[in-house]
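> The following block contains a protein sequence and its predicted model.
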Amino acid sequence: MLWSGSTDSTIRLWDMASGECKYLITKETPGTIPPPQQPQAQQQNPQGVGHAGPVTHLVPFESPAGNFVISSSLDGTVKAWNGSNGDCVASETHGQGVVTIALTNDLKGNPILLCGLEAGNIMIRSILPSPNAPALCLLFTLSAKYTAGHEGPVRALRAGPANTFYSGGSDGKLNVWEITGDFGL
């Protein structure tokens, strides 16, 4: 499957052999969505499971539990989807638009999600559930109160070598960050 996200708030899953759109996920798509921070308790979402704003980024993620795609949106949410059928398996809100996302690892090799926000903050979230944190749990927020933070939207995030990552913002800054602490995962 090939996944695509759009400024019309939709996510489409394409059959690569035929070029046919197999699934269309919109804000009206019926389904269940886990409530924030409680992935085991699902509830029907009357508004649908898709994003309500432009989809800004899609990131594939493989784990022992299967293949997933993580999406971000200017509606302020990050959602995790089953990579084969498009079912929403987790969702978290950020209170502001999520412009970009990237995957990296903590010091122990646990996967973490970096979320670049409209106001210049970078939120760091867990990916996999652990005894100490559910999937997509907020671990830390980097903000402009740090001398090297962004003032304005974070436009790009990329994982780097040796527990580093890079962020680029509308403010013209390119920052290099190093993960040195334990997130307790």
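Received, thanks.
> Tell me which helix or strand comes right after the helix or strand bottoming out on mean pLDDT in the chain.
Evaluated with mean pLDDT, DSSP states H and E, the helix-and-strand set of the chain has its lowest mean pLDDT in strand 43-44, which scores a mean of 42. Proceeding N to C from strand 43-44, the next assigned helix or strand is strand 55-63, under DSSP states H and E.
> partner strands of that following strand, parallel or antiparallel?
Based on DSSP bridges, the pairing partners of strand 55-63 within the sheet are strand 66-73 (antiparallel).
> Which positions in the partner strand come out as buried?
Neighbour-count burial for strand 66-73 flags 68, 69, 70, 71, 72, 73 (criterion: 16 or more other CB atoms under 10 Å). The way it works is simple: take the backbone N, C-alpha and C, and place the C-beta from them, glycine included.
> Report the buried residues of the following helix or strand past it.
The element immediately downstream of strand 66-73 (helix or strand, assigned by DSSP H and E) is strand 77-82. For strand 77-82, burial by neighbour count (16+ other CB under 10 Å) applies to 77, 78, 79, 80, 81.
> Check stretch 8-17 too.
Within stretch 8-17, the residues that qualify as buried are 9, 10, 11, 12, 13, counting by 16+ other CB under 10 Å.
> Repeat that for stretch 130-150.
Of the residues in stretch 130-150, those buried under the neighbour-count criterion (16+ other CB under 10 Å) are 133, 134, 135, 136, 137, 139, 142, 149, 150.
> Over to stretch 151-168?
Along stretch 151-168, the positions that meet the burial threshold by neighbour count (16+ other CB under 10 Å) are 153, 154, 157, 165, 167, 168.
> how distant is it from the center of its chain?
Stretch 151-168 has its average C-alpha position 14 Å from the chain's average C-alpha position, going by CA atoms, centre = their mean, to the nearest Å.
> neighbouring contacts of that stretch?
Taking CB atoms under 8 Å, 6 or more residues apart in numbering as the criterion, the residues outside stretch 151-168 that touch it are 97, 99-107, 114-122, 144, 150, 169-171, 173-180.
> if we can go back for a sec, with the buried residues of stretch 8-17 in mind, which one is nearest to residue 126?
The shortest approach to residue 126 among the buried residues of stretch 8-17 belongs to residue 11, at 22.4 Å (CB to CB).
> you'd agree that closest one is up against residue 71?
Yes. Residue 11 is in contact with residue 71 according to CB atoms under 8 Å; the separation is 6.1 Å.
> Please identify every residue contacting each of the two.
With the criterion set as CB under 8 Å, 6+ apart, the overlap between the contacts of residue 11 and residue 71 is 5, 51, 55, 58, 81.
> what's the distance between the second one and residue 149?
From residue 51 across to residue 149, the span is 26 Å (CB to CB, to the nearest Å).
> re earlier: among the shared contacts of residue 11 and residue 71, who's most crowded?
Within those, most neighbours by other CB atoms under 10 Å means residue 51, with 28 neighbours.
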